[in-house]
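**Q** could you look at this predicted model? Sequence included:
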Amino acid sequence: MSRLQAGRRHSVRFTLNGKPCAGETEPRTLLTDFLRHQIGVTGTHVGCEHGVCGACTVDIDGRPARACLTLAVQIDGSVVRTVESLAPAADRLGILQAAFRRNHALQCGFCTAGILMSLDGFLRENPRPDEAAIRDLLTGHLCRCTGYTPIVRAALEAAAEMRGDLSREKSDA
Amino acid sequence: MKPAAFDYVRAEHLDEALDVLGREGGDARIIAGGQSLMPMLNMRLAKPRTLIDIMRLGELARIERKAGTVTIGAGVRQASLLAWPELGQSLRLAALALPWTGHVQTRTRGTVCGSIAHADPSAELPLVLRALGGEVHLRSARRRRRVAAKDFFSGMMATTRADEELIEAVSFPADQGRCAFREVARRHGDFAIVACAAVAIPDGVRLAVGGVADMPTARDFPRLEASALDDALNAFAYELDARDDVHATARYRRDLVRMIGRDLVREVLQ
(Lines give C-alpha, C1' and ligand atoms only; values in the text may rest on other atoms or scores of the structure.)
Protein backbone atom coordinates (compact mmCIF):
# COMPACT_ATOMS: atom_id res chain seq x y z
CA MET A 1 0.00 0.00 0.00
CA SER A 2 1.25 3.48 -0.71
CA ARG A 3 -0.15 6.67 0.76
CA LEU A 4 0.51 9.80 -1.24
CA GLN A 5 0.11 12.79 1.05
CA ALA A 6 -1.99 15.80 0.20
CA GLY A 7 -0.07 18.95 -0.67
CA ARG A 8 3.13 17.13 -1.57
CA ARG A 9 4.35 16.18 -5.00
CA HIS A 10 4.67 12.56 -5.96
CA SER A 11 6.35 10.93 -8.88
CA VAL A 12 4.19 9.55 -11.72
CA ARG A 13 5.77 7.38 -14.39
CA PHE A 14 3.89 6.38 -17.51
CA THR A 15 4.23 5.98 -21.24
CA LEU A 16 3.16 9.02 -23.24
CA ASN A 17 2.72 8.69 -26.98
CA GLY A 18 5.09 5.75 -27.12
CA LYS A 19 7.88 7.22 -24.97
CA PRO A 20 8.63 6.86 -21.27
CA CYS A 21 7.55 9.94 -19.37
CA ALA A 22 7.66 11.07 -15.74
CA GLY A 23 6.48 14.02 -13.72
CA GLU A 24 5.69 15.09 -10.19
CA THR A 25 2.27 16.02 -8.98
CA GLU A 26 -0.07 16.40 -6.02
CA PRO A 27 -2.73 13.71 -5.54
CA ARG A 28 -5.53 16.16 -6.36
CA THR A 29 -4.17 17.11 -9.80
CA LEU A 30 -6.30 16.04 -12.76
CA LEU A 31 -4.69 14.28 -15.69
CA THR A 32 -5.69 17.21 -17.92
CA ASP A 33 -3.72 19.72 -15.82
CA PHE A 34 -0.83 17.32 -15.32
CA LEU A 35 -0.44 16.82 -19.07
CA ARG A 36 -0.78 20.50 -19.88
CA HIS A 37 1.10 22.17 -17.03
CA GLN A 38 3.64 19.60 -15.85
CA ILE A 39 4.41 17.62 -18.99
CA GLY A 40 3.78 20.51 -21.37
CA VAL A 41 1.62 18.74 -23.95
CA THR A 42 -1.22 21.18 -24.50
CA GLY A 43 -3.15 19.44 -27.28
CA THR A 44 -5.58 17.98 -24.73
CA HIS A 45 -8.19 20.64 -24.01
CA VAL A 46 -10.00 21.42 -20.77
CA GLY A 47 -13.72 22.01 -21.17
CA CYS A 48 -16.40 21.26 -18.61
CA GLU A 49 -14.29 19.35 -16.06
CA HIS A 50 -17.13 17.02 -15.21
CA GLY A 51 -17.00 14.52 -18.01
CA VAL A 52 -19.79 15.89 -20.17
CA CYS A 53 -18.18 17.77 -23.07
CA GLY A 54 -15.49 15.27 -24.12
CA ALA A 55 -12.86 17.88 -25.07
CA CYS A 56 -10.27 16.26 -22.76
CA THR A 57 -10.68 12.71 -24.11
CA VAL A 58 -7.38 10.83 -24.32
CA ASP A 59 -6.50 7.17 -24.77
CA ILE A 60 -5.56 5.37 -21.54
CA ASP A 61 -4.33 1.78 -21.90
CA GLY A 62 -5.95 1.50 -25.31
CA ARG A 63 -9.36 2.92 -24.37
CA PRO A 64 -10.79 6.42 -24.74
CA ALA A 65 -11.28 8.11 -21.38
CA ARG A 66 -11.92 11.51 -19.86
CA ALA A 67 -8.66 13.05 -18.66
CA CYS A 68 -10.68 15.45 -16.47
CA LEU A 69 -12.21 12.50 -14.58
CA THR A 70 -8.85 10.85 -14.03
CA LEU A 71 -6.29 11.75 -11.40
CA ALA A 72 -2.72 12.05 -12.62
CA VAL A 73 -1.59 9.66 -9.86
CA GLN A 74 -4.00 7.02 -11.21
CA ILE A 75 -2.12 6.70 -14.50
CA ASP A 76 1.16 5.63 -12.88
CA GLY A 77 2.30 2.65 -14.99
CA SER A 78 -0.28 3.27 -17.74
CA VAL A 79 0.09 3.88 -21.45
CA VAL A 80 -1.41 7.23 -22.45
CA ARG A 81 -1.88 8.63 -25.94
CA THR A 82 -2.90 12.20 -26.67
CA VAL A 83 -3.75 14.07 -29.86
CA GLU A 84 -0.03 14.81 -30.31
CA SER A 85 0.39 11.14 -31.29
CA LEU A 86 -1.78 11.38 -34.41
CA ALA A 87 0.48 13.33 -36.76
CA PRO A 88 3.21 11.19 -38.38
CA ALA A 89 5.59 14.16 -38.45
CA ALA A 90 5.60 17.76 -37.29
CA ASP A 91 4.43 19.13 -40.63
CA ARG A 92 2.10 16.33 -41.69
CA LEU A 93 -1.41 15.30 -40.71
CA GLY A 94 -2.58 11.78 -39.98
CA ILE A 95 -5.33 10.24 -42.12
CA LEU A 96 -8.08 11.16 -39.65
CA GLN A 97 -6.79 14.69 -39.16
CA ALA A 98 -6.53 15.25 -42.91
CA ALA A 99 -10.10 14.00 -43.37
CA PHE A 100 -11.24 16.50 -40.71
CA ARG A 101 -9.48 19.28 -42.57
CA ARG A 102 -10.91 18.35 -46.00
CA ASN A 103 -14.45 18.04 -44.65
CA HIS A 104 -14.43 21.18 -42.49
CA ALA A 105 -15.07 18.96 -39.48
CA LEU A 106 -13.82 21.70 -37.17
CA GLN A 107 -14.32 25.40 -36.88
CA CYS A 108 -13.08 26.72 -33.54
CA GLY A 109 -11.30 23.44 -32.85
CA PHE A 110 -11.90 23.35 -29.11
CA CYS A 111 -13.64 19.97 -29.13
CA THR A 112 -11.49 18.51 -31.91
CA ALA A 113 -8.64 16.93 -29.94
CA GLY A 114 -11.07 14.87 -27.87
CA ILE A 115 -13.16 13.80 -30.85
CA LEU A 116 -10.05 12.76 -32.77
CA MET A 117 -8.89 10.60 -29.87
CA SER A 118 -12.28 8.89 -29.53
CA LEU A 119 -12.43 8.26 -33.28
CA ASP A 120 -8.82 7.11 -33.53
CA GLY A 121 -9.36 4.24 -31.09
CA PHE A 122 -12.82 3.49 -32.44
CA LEU A 123 -11.70 3.20 -36.08
CA ARG A 124 -8.90 0.83 -35.15
CA GLU A 125 -11.42 -1.57 -33.64
CA ASN A 126 -14.24 -0.88 -36.10
CA PRO A 127 -12.77 -0.49 -39.57
CA ARG A 128 -16.21 -0.59 -41.22
CA PRO A 129 -18.41 1.62 -39.06
CA ASP A 130 -21.80 2.85 -40.22
CA GLU A 131 -23.05 6.36 -39.60
CA ALA A 132 -25.16 5.27 -36.62
CA ALA A 133 -22.13 3.83 -34.83
CA ILE A 134 -20.15 7.02 -35.36
CA ARG A 135 -23.04 9.17 -34.17
CA ASP A 136 -23.35 6.96 -31.08
CA LEU A 137 -19.65 7.49 -30.33
CA LEU A 138 -20.08 11.24 -30.86
CA THR A 139 -22.79 11.43 -28.19
CA GLY A 140 -19.82 11.52 -25.83
CA HIS A 141 -18.70 14.84 -27.28
CA LEU A 142 -20.14 18.32 -27.59
CA CYS A 143 -19.37 20.43 -30.66
CA ARG A 144 -21.14 23.80 -30.89
CA CYS A 145 -19.79 24.79 -34.33
CA THR A 146 -20.25 22.05 -36.88
CA GLY A 147 -23.60 20.43 -36.20
CA TYR A 148 -21.67 17.12 -36.33
CA THR A 149 -22.51 16.34 -39.98
CA PRO A 150 -19.01 17.17 -41.32
CA ILE A 151 -17.46 15.23 -38.43
CA VAL A 152 -19.46 12.13 -39.36
CA ARG A 153 -18.48 12.60 -43.01
CA ALA A 154 -14.80 12.96 -42.12
CA ALA A 155 -14.89 9.86 -39.91
CA LEU A 156 -16.49 7.73 -42.65
CA GLU A 157 -14.01 9.02 -45.20
CA ALA A 158 -11.05 8.36 -42.91
CA ALA A 159 -12.32 4.84 -42.23
CA ALA A 160 -12.53 4.16 -45.96
CA GLU A 161 -9.04 5.53 -46.51
CA MET A 162 -7.61 3.45 -43.66
CA ARG A 163 -9.16 0.35 -45.26
CA GLY A 164 -7.66 1.31 -48.60
CA ASP A 165 -11.12 1.70 -50.20
CA LEU A 166 -10.69 5.31 -51.12
CA SER A 167 -8.44 6.47 -53.88
CA ARG A 168 -8.04 10.17 -53.54
CA GLU A 169 -6.09 12.53 -55.72
CA LYS A 170 -2.97 13.78 -54.06
CA SER A 171 -3.61 17.33 -53.03
CA ASP A 172 -2.59 19.85 -50.44
CA ALA A 173 -6.10 20.07 -49.02
CA MET B 1 -13.32 23.45 -10.63
CA LYS B 2 -10.49 21.42 -9.16
CA PRO B 3 -10.69 18.94 -6.30
CA ALA B 4 -9.77 20.03 -2.77
CA ALA B 5 -6.62 18.40 -1.38
CA PHE B 6 -6.71 14.79 -0.20
CA ASP B 7 -4.36 11.95 0.63
CA TYR B 8 -4.38 9.25 -2.03
CA VAL B 9 -4.06 5.67 -0.86
CA ARG B 10 -3.25 3.04 -3.45
CA ALA B 11 -4.40 -0.23 -1.91
CA GLU B 12 -2.62 -3.42 -2.96
CA HIS B 13 -4.79 -5.71 -0.80
CA LEU B 14 -8.44 -5.49 0.16
CA ASP B 15 -7.50 -5.62 3.87
CA GLU B 16 -5.52 -2.41 3.48
CA ALA B 17 -8.49 -0.60 1.98
CA LEU B 18 -10.78 -1.90 4.73
CA ASP B 19 -8.27 -0.92 7.40
CA VAL B 20 -7.99 2.69 6.19
CA LEU B 21 -11.75 2.90 5.75
CA GLY B 22 -12.26 1.50 9.26
CA ARG B 23 -9.97 4.11 10.78
CA GLU B 24 -11.04 7.13 8.74
CA GLY B 25 -14.70 6.29 8.07
CA GLY B 26 -16.68 9.17 6.63
CA ASP B 27 -13.53 11.23 5.92
CA ALA B 28 -12.40 8.62 3.40
CA ARG B 29 -13.99 7.68 0.08
CA ILE B 30 -13.38 4.70 -2.14
CA ILE B 31 -12.45 5.55 -5.72
CA ALA B 32 -12.72 2.91 -8.44
CA GLY B 33 -13.34 4.17 -11.99
CA GLY B 34 -14.08 7.65 -10.65
CA GLN B 35 -16.70 8.50 -13.28
CA SER B 36 -19.28 9.48 -10.67
CA LEU B 37 -16.97 10.56 -7.84
CA MET B 38 -14.57 12.72 -9.87
CA PRO B 39 -17.27 15.21 -10.98
CA MET B 40 -18.30 15.47 -7.30
CA LEU B 41 -14.67 16.17 -6.34
CA ASN B 42 -14.14 18.63 -9.19
CA MET B 43 -17.24 20.57 -8.19
CA ARG B 44 -16.26 20.20 -4.52
CA LEU B 45 -19.60 18.65 -3.70
CA ALA B 46 -17.44 15.99 -2.01
CA LYS B 47 -14.30 16.89 -0.07
CA PRO B 48 -12.93 13.67 1.40
CA ARG B 49 -9.70 13.83 3.38
CA THR B 50 -8.56 10.50 1.90
CA LEU B 51 -9.23 8.69 -1.36
CA ILE B 52 -8.70 4.94 -1.39
CA ASP B 53 -8.07 3.57 -4.87
CA ILE B 54 -9.18 -0.07 -5.20
CA MET B 55 -8.50 -0.56 -8.90
CA ARG B 56 -5.25 -2.46 -8.31
CA LEU B 57 -7.11 -5.21 -6.44
CA GLY B 58 -7.35 -7.94 -9.06
CA GLU B 59 -9.63 -9.99 -6.81
CA LEU B 60 -12.38 -7.38 -7.23
CA ALA B 61 -12.25 -7.37 -11.04
CA ARG B 62 -14.23 -10.57 -11.50
CA ILE B 63 -17.59 -11.44 -13.01
CA GLU B 64 -18.91 -14.81 -11.81
CA ARG B 65 -21.99 -16.77 -12.69
CA LYS B 66 -22.86 -19.40 -10.10
CA ALA B 67 -26.14 -21.14 -9.30
CA GLY B 68 -28.42 -18.65 -10.98
CA THR B 69 -26.62 -15.58 -9.68
CA VAL B 70 -24.27 -13.20 -11.45
CA THR B 71 -21.81 -11.52 -9.08
CA ILE B 72 -19.89 -8.47 -10.27
CA GLY B 73 -16.88 -7.32 -8.29
CA ALA B 74 -16.18 -3.71 -7.38
CA GLY B 75 -13.35 -3.48 -9.91
CA VAL B 76 -15.42 -4.48 -12.95
CA ARG B 77 -15.71 -1.63 -15.38
CA GLN B 78 -18.99 -1.01 -17.22
CA ALA B 79 -17.24 -1.64 -20.56
CA SER B 80 -15.97 -5.00 -19.27
CA LEU B 81 -19.49 -6.07 -18.31
CA LEU B 82 -20.80 -4.93 -21.69
CA ALA B 83 -18.10 -7.03 -23.37
CA TRP B 84 -18.77 -10.11 -21.18
CA PRO B 85 -19.75 -12.85 -23.65
CA GLU B 86 -22.48 -14.23 -21.35
CA LEU B 87 -24.15 -10.88 -20.75
CA GLY B 88 -26.95 -11.32 -23.27
CA GLN B 89 -27.88 -14.72 -21.87
CA SER B 90 -27.29 -14.17 -18.18
CA LEU B 91 -28.21 -10.55 -17.62
CA ARG B 92 -30.29 -9.36 -20.52
CA LEU B 93 -31.69 -6.32 -18.71
CA ALA B 94 -28.17 -5.07 -18.05
CA ALA B 95 -27.32 -5.67 -21.70
CA LEU B 96 -30.24 -3.41 -22.65
CA ALA B 97 -29.46 -0.70 -20.10
CA LEU B 98 -25.66 -0.48 -20.25
CA PRO B 99 -25.48 1.27 -23.63
CA TRP B 100 -27.46 4.09 -21.95
CA THR B 101 -25.04 4.32 -19.03
CA GLY B 102 -22.86 7.34 -19.75
CA HIS B 103 -20.87 7.25 -22.96
CA VAL B 104 -18.30 4.92 -24.49
CA GLN B 105 -15.64 7.25 -23.10
CA THR B 106 -16.92 6.99 -19.49
CA ARG B 107 -17.86 3.29 -19.52
CA THR B 108 -14.21 2.46 -20.23
CA ARG B 109 -13.34 3.57 -16.68
CA GLY B 110 -16.61 3.69 -14.73
CA THR B 111 -17.46 0.61 -12.70
CA VAL B 112 -20.78 -1.16 -12.15
CA CYS B 113 -20.48 -1.02 -8.36
CA GLY B 114 -19.34 2.61 -8.44
CA SER B 115 -22.52 3.72 -10.17
CA ILE B 116 -24.58 1.80 -7.61
CA ALA B 117 -22.57 3.30 -4.72
CA HIS B 118 -23.18 6.79 -6.12
CA ALA B 119 -26.95 6.08 -6.18
CA ASP B 120 -27.97 8.80 -8.58
CA PRO B 121 -31.76 8.49 -8.88
CA SER B 122 -31.62 8.67 -12.67
CA ALA B 123 -28.73 6.23 -13.18
CA GLU B 124 -29.40 3.00 -15.07
CA LEU B 125 -27.44 0.43 -13.05
CA PRO B 126 -29.19 1.14 -9.72
CA LEU B 127 -32.45 0.82 -11.66
CA VAL B 128 -31.44 -2.56 -13.08
CA LEU B 129 -30.39 -3.77 -9.62
CA ARG B 130 -33.74 -2.66 -8.19
CA ALA B 131 -35.78 -4.17 -11.04
CA LEU B 132 -34.07 -7.55 -10.80
CA GLY B 133 -34.09 -7.60 -7.00
CA GLY B 134 -30.31 -7.81 -6.72
CA GLU B 135 -28.12 -7.49 -3.67
CA VAL B 136 -25.24 -5.26 -2.61
CA HIS B 137 -22.36 -7.04 -0.87
CA LEU B 138 -20.95 -4.75 1.78
CA ARG B 139 -17.76 -5.37 3.68
CA SER B 140 -15.93 -3.68 6.51
CA ALA B 141 -12.91 -4.76 8.54
CA ARG B 142 -15.35 -6.25 11.07
CA ARG B 143 -18.13 -7.83 9.04
CA ARG B 144 -19.72 -8.71 5.75
CA ARG B 145 -23.39 -8.29 4.94
CA ARG B 146 -25.69 -8.36 1.97
CA VAL B 147 -28.41 -5.79 1.48
CA ALA B 148 -31.31 -6.12 -0.97
CA ALA B 149 -31.52 -3.33 -3.54
CA LYS B 150 -34.81 -2.08 -2.10
CA ASP B 151 -33.17 -1.58 1.30
CA PHE B 152 -29.88 -0.22 -0.06
CA PHE B 153 -31.08 2.97 -1.75
CA SER B 154 -32.39 5.37 0.87
CA GLY B 155 -32.75 8.70 -0.94
CA MET B 156 -31.17 11.09 -3.41
CA MET B 157 -27.56 9.82 -3.72
CA ALA B 158 -27.99 8.23 -0.30
CA THR B 159 -27.63 4.59 0.68
CA THR B 160 -27.62 2.48 3.84
CA ARG B 161 -23.90 1.73 3.47
CA ALA B 162 -22.09 2.56 6.71
CA ASP B 163 -19.05 4.85 6.61
CA GLU B 164 -16.61 2.01 7.30
CA GLU B 165 -18.13 -0.25 4.62
CA LEU B 166 -17.26 -0.59 0.98
CA ILE B 167 -19.15 -2.33 -1.78
CA GLU B 168 -17.23 -5.50 -2.49
CA ALA B 169 -19.60 -6.72 -5.21
CA VAL B 170 -23.18 -6.64 -6.41
CA SER B 171 -25.18 -9.68 -7.42
CA PHE B 172 -28.09 -10.09 -9.77
CA PRO B 173 -30.39 -13.08 -10.20
CA ALA B 174 -29.46 -14.43 -13.61
CA ASP B 175 -32.12 -13.57 -16.11
CA GLN B 176 -34.92 -16.02 -16.32
CA GLY B 177 -37.60 -14.25 -18.26
CA ARG B 178 -38.59 -11.47 -20.56
CA CYS B 179 -37.50 -7.93 -19.85
CA ALA B 180 -37.51 -4.51 -21.46
CA PHE B 181 -35.78 -1.16 -20.97
CA ARG B 182 -36.43 2.33 -22.28
CA GLU B 183 -35.09 5.76 -21.46
CA VAL B 184 -35.71 9.37 -22.40
CA ALA B 185 -32.80 11.81 -22.06
CA ARG B 186 -31.79 15.08 -23.71
CA ARG B 187 -28.81 13.36 -25.32
CA HIS B 188 -28.09 9.64 -25.50
CA GLY B 189 -25.86 8.92 -22.52
CA ASP B 190 -26.95 11.91 -20.44
CA PHE B 191 -28.80 11.41 -17.19
CA ALA B 192 -32.26 10.03 -17.77
CA ILE B 193 -35.30 12.28 -17.51
CA VAL B 194 -37.18 9.01 -17.10
CA ALA B 195 -35.78 5.49 -17.40
CA CYS B 196 -37.96 2.40 -17.06
CA ALA B 197 -37.09 -1.27 -16.74
CA ALA B 198 -39.64 -4.08 -16.79
CA VAL B 199 -39.15 -7.74 -15.95
CA ALA B 200 -41.53 -10.68 -15.98
CA ILE B 201 -42.55 -12.02 -12.55
CA PRO B 202 -44.72 -15.10 -11.94
CA ASP B 203 -48.09 -13.27 -11.96
CA GLY B 204 -47.33 -10.27 -14.08
CA VAL B 205 -44.69 -7.60 -14.51
CA ARG B 206 -42.40 -5.62 -12.24
CA LEU B 207 -41.90 -2.07 -13.49
CA ALA B 208 -39.00 -0.06 -12.07
CA VAL B 209 -38.66 3.67 -12.70
CA GLY B 210 -35.61 5.91 -12.41
CA GLY B 211 -35.25 9.68 -12.75
CA VAL B 212 -38.57 10.54 -11.08
CA ALA B 213 -38.51 9.68 -7.37
CA ASP B 214 -35.33 10.29 -5.36
CA MET B 215 -34.34 6.65 -5.78
CA PRO B 216 -35.17 3.88 -8.24
CA THR B 217 -38.64 2.61 -7.38
CA ALA B 218 -40.35 -0.63 -8.40
CA ARG B 219 -43.95 -1.79 -8.44
CA ASP B 220 -45.36 -5.22 -9.27
CA PHE B 221 -48.35 -5.20 -11.61
CA PRO B 222 -50.59 -8.23 -12.05
CA ARG B 223 -52.00 -8.94 -15.50
CA LEU B 224 -54.63 -6.23 -15.99
CA GLU B 225 -57.12 -5.15 -18.62
CA ALA B 226 -56.00 -2.15 -20.65
CA SER B 227 -57.98 0.49 -18.73
CA ALA B 228 -57.18 -1.02 -15.33
CA LEU B 229 -53.48 -1.05 -16.27
CA ASP B 230 -53.69 2.61 -17.30
CA ASP B 231 -55.28 3.47 -13.94
CA ALA B 232 -52.64 1.51 -12.05
CA LEU B 233 -49.81 3.17 -13.99
CA ASN B 234 -51.35 6.59 -13.39
CA ALA B 235 -51.52 5.91 -9.65
CA PHE B 236 -47.88 4.73 -9.68
CA ALA B 237 -46.78 7.80 -11.65
CA TYR B 238 -48.36 10.10 -9.02
CA GLU B 239 -46.93 8.15 -6.10
CA LEU B 240 -43.42 8.74 -7.43
CA ASP B 241 -43.86 12.38 -6.41
CA ALA B 242 -42.20 13.87 -9.49
CA ARG B 243 -40.78 17.37 -9.24
CA ASP B 244 -40.22 20.13 -11.78
CA ASP B 245 -36.59 20.82 -12.57
CA VAL B 246 -34.50 22.41 -15.28
CA HIS B 247 -34.73 19.29 -17.47
CA ALA B 248 -38.45 18.51 -17.37
CA THR B 249 -41.70 19.25 -15.59
CA ALA B 250 -43.26 16.83 -13.11
CA ARG B 251 -46.22 16.47 -15.46
CA TYR B 252 -43.99 15.44 -18.37
CA ARG B 253 -42.26 12.89 -16.17
CA ARG B 254 -45.62 11.39 -15.14
CA ASP B 255 -46.61 11.28 -18.79
CA LEU B 256 -43.43 9.36 -19.65
CA VAL B 257 -43.99 6.90 -16.79
CA ARG B 258 -47.53 6.21 -18.03
CA MET B 259 -46.58 5.86 -21.69
CA ILE B 260 -43.28 4.02 -21.40
CA GLY B 261 -44.70 1.93 -18.57
CA ARG B 262 -47.63 0.78 -20.67
CA ASP B 263 -45.38 -0.06 -23.63
CA LEU B 264 -42.93 -2.03 -21.51
CA VAL B 265 -45.61 -3.95 -19.61
CA ARG B 266 -47.16 -4.97 -22.92
CA GLU B 267 -43.78 -5.87 -24.36
CA VAL B 268 -42.95 -8.14 -21.44
CA LEU B 269 -46.37 -9.82 -21.32
CA GLN B 270 -46.57 -10.46 -25.08
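**A** Yep, that arrived. Remember, it's a predicted structure, so these values are computed and weren't measured experimentally.

**Q** what spatial separation is found between the nearest residue to A:H50 once chain neighbours are set aside and B:P3?
**A** Computed as C-beta to C-beta, 6 or more residues apart in numbering or on different chains, the closest residue to A:H50 that is not its neighbour in sequence is B:P39, at 3.8 Å. To be clear about C-beta, it is placed using only N, CA and C from the backbone, and glycine gets the same treatment. Separation of B:P39 from B:P3 (C-beta to C-beta, to the nearest Å): 10 Å.

**Q** thought A:L166 was touching A:E157?
**A** Yes: A:L166 is within contact range of A:E157, at 6.6 Å (criterion: C-beta atoms under 8 Å).

**Q** quick check: phi and psi at the one residue in the stretch 101-250 of chain B that gets nearest to chain A.
**A** Residue of the stretch 101-250 of chain B nearest chain A, by C-beta to the nearest C-beta: B:H103 (3.1 Å). When read as degrees, to the nearest 10, the backbone of B:H103 gives phi -120, psi 170.

**Q** now do the same contact list for it.
**A** Taking C-beta atoms under 8 Å, 6 or more residues apart in numbering or on different chains, we find B:H103 in contact with A:54, A:139-140, B:189.

**Q** and for A:E161, the neighbour number?
**A** As a burial measure, A:E161 scores 16 neighbours (other C-beta atoms under 10 Å in any protein chain shown).

**Q** now do the SS call for it.
**A** Three-state assignment for A:E161 (DSSP: H, G, I helix; E, B strand; the rest coil): helix.

**Q** circling back: tell me the spacing between the residue nearest to A:H50 and B:M55.
**A** Remark: distance between B:P39 and B:M55 (C-beta to C-beta) = 18 Å.

**Q** please name the nearest non-neighbouring residue to the residue in chain A that chain B sits nearest to.
**A** Nearest to chain B, among the residues of chain A, is A:G140, at 3.1 Å (C-beta to the nearest C-beta). Leaving aside its sequence neighbours, A:G140 sits nearest to B:H103 (C-beta to C-beta, 6+ apart; 3.1 Å).

**Q** how much space separates that neighbour from A:S2?
**A** B:H103 sits 31 Å away from A:S2, going by C-beta to C-beta.

**Q** and if you look at B:A228?
**A** Per C-beta to C-beta, B:A228 is found 61 Å from A:S2.

**Q** for A:C143, same thing?
**A** The spacing between A:C143 and A:S2, counted by C-beta to C-beta, is 40 Å.

**Q** who's more crowded, those two?
**A** Neighbours were counted for A:C143 and for A:S2 using other C-beta under 10 Å; A:C143 has more, 23 against 13.

**Q** is that one in a helix, a strand, or coil?
**A** Put simply, A:C143 is coil when judged by three-state DSSP.

**Q** and it, what does it touch?
**A** The contact partners of A:C143, by C-beta under 8 Å, 6+ apart, come to A:111, A:115, A:151.

**Q** wait, the second one touches A:V152, no?
**A** Read that as A:I115. No: look at A:I115 against A:V152 with C-beta under 8 Å: they stay out of range, at 10.7 Å.

**Q** tell me which of those two has more neighbours.
**A** Here A:I115 and A:V152 are compared on neighbour count by other C-beta under 10 Å; more neighbours surround A:I115, at 28 against 20.

**Q** and the more buried one, how close does it get to B:E239?
**A** For A:I115, the distance to B:E239 equals 43 Å [C-beta to C-beta].

**Q** can you give me the helices for the chain?
**A** No chain was given, so I picked chain A. Taking DSSP state H as the test, the helices found in chain A are A:31-33, A:95-102, A:112-125, A:131-138, A:149-163.

**Q** try chain B instead
**A** Shown for chain B, the helices assigned by DSSP H span residues B:14-24, B:37-42, B:78-82, B:87-90, B:92-97, B:104-107, B:112-118, B:124-132, B:149-152, B:226-239, B:250-269.

**Q** reformat those as CSV; add mean neighbour count and distance to B:I72.
**A** As requested, those are exported to CSV (neighbours: other C-beta atoms under 10 Å in any protein chain shown; distance: least, C-beta to C-beta, whole Å):
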stretch, mean neighbour count, distance to B:I72
helix B:14-24, 18, 16
helix B:37-42, 22, 18
helix B:78-82, 21, 6
helix B:87-90, 15, 11
helix B:92-97, 22, 9
helix B:104-107, 27, 14
helix B:112-118, 25, 5
helix B:124-132, 28, 10
helix B:149-152, 18, 13
helix B:226-239, 15, 29
helix B:250-269, 18, 24
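
**Q** A:Q38 is nearest to which of those?
**A** Ranking the helices of chain B by proximity to A:Q38 (C-beta to C-beta) places helix B:37-42 first, at 18.1 Å.

**Q** re earlier: turn the helices of chain B into TSV, columns for mean pLDDT.
**A** Putting the helices of chain B into TSV (pLDDT from 0 to 100) gives the following:
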stretch	mean pLDDT
helix B:14-24	97
helix B:37-42	98
helix B:78-82	98
helix B:87-90	94
helix B:92-97	97
helix B:104-107	97
helix B:112-118	98
helix B:124-132	98
helix B:149-152	98
helix B:226-239	96
helix B:250-269	96
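
**Q** export those helices to JSON lines and tack on distance to A:R66?
**A** Shown next, in JSON lines, are the helices of chain B (distance: least, C-beta to C-beta, whole Å):
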{"stretch": "helix B:14-24", "distance to A:R66": "24"}
{"stretch": "helix B:37-42", "distance to A:R66": "8"}
{"stretch": "helix B:78-82", "distance to A:R66": "13"}
{"stretch": "helix B:87-90", "distance to A:R66": "24"}
{"stretch": "helix B:92-97", "distance to A:R66": "21"}
{"stretch": "helix B:104-107", "distance to A:R66": "6"}
{"stretch": "helix B:112-118", "distance to A:R66": "14"}
{"stretch": "helix B:124-132", "distance to A:R66": "18"}
{"stretch": "helix B:149-152", "distance to A:R66": "27"}
{"stretch": "helix B:226-239", "distance to A:R66": "35"}
{"stretch": "helix B:250-269", "distance to A:R66": "29"}
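
**Q** dump the residue contacts of B:F152.
**A** Contacts of B:F152 were listed using C-beta under 8 Å, 6+ apart, and they are B:116, B:119, B:129, B:136, B:159-161.

**Q** leaving out the residues flanking it, which one is nearest to it?
**A** Leaving aside its sequence neighbours, B:F152 sits nearest to B:V136 (C-beta to C-beta, 6+ apart; 4.7 Å).

**Q** over to A:A158?
**A** Counting by C-beta to C-beta, 6+ apart, A:A99 is the residue found nearest to A:A158 once chain neighbours are left out, at 3.9 Å.
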